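# Got a sequence here, can you model it:
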Amino acid sequence: MQSSQAASPYLTFEEYRFYDDGTENRYDLVDGVLQLSPHASKRHIDLNDRLFELLLPCKQKGYELHREAGVRTGIRRSRTPDLLVCTPEQWASVPDT
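Sure, this is the predicted structure:
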């Protein structure tokens, strides 16, 4: 589904979930407004990979560990963290887009 931000300056969380501007850009939702997420540097990617390795034991303790999973942080807010550690119940509540 392609959505136009020009039609409405603010997006709902549902509109954001299905937003597609036809590019490879990634966005966070901040108070209903799309915020372009910058591309990660090589150093940033290397650090994320190392953190993921260090956090792998969390999976053995029953936690979920995921990369780049969208997290709703408010009514009109969503972020996509590099790494997400959460309970299985929290992971089950993440919408499947």
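
# Can you name the residues that contact Pro57?
With CB atoms under 8 Å, 6 or more residues apart in numbering as the criterion, no residue contacts Pro57. C-betas here are computed from N, CA, C, even on glycine.

# For it, what are phi and psi?
According to degrees, to the nearest 10, the main-chain angles of Pro57 amount to phi -60, psi -20.

# Likewise for Leu84?
phi -130, psi 130.

# That one: how many residues sit nearby?
Burial of Leu84 is recorded as 20 neighbouring residues (other CB atoms under 10 Å).

# so what's Leu83 bridging to?
Listed beta-bridge partners, Leu83: Arg67 (assigned using DSSP bridges).

# which non-adjacent residue is nearest Glu64?
Closest residue to Glu64 apart from its sequence neighbours, by CB to CB, 6 or more residues apart in numbering: Trp91 at 4.1 Å.

# how about the strands in the protein?
27-30, 33-36, 64-67, 71-74, 77-79, 83-86 (DSSP state E).

# which intervals of the chain have sub-threshold pLDDT?
1-8, 97 (pLDDT under 70).

# which outside residues touch the lengthiest helix in it?
Scanning the chain for the longest helix, with DSSP state H as the assignment, gives helix 42-55. By CB under 8 Å, 6+ apart, the residues outside helix 42-55 that reach it are 40, 65, 67, 82-83, 85.
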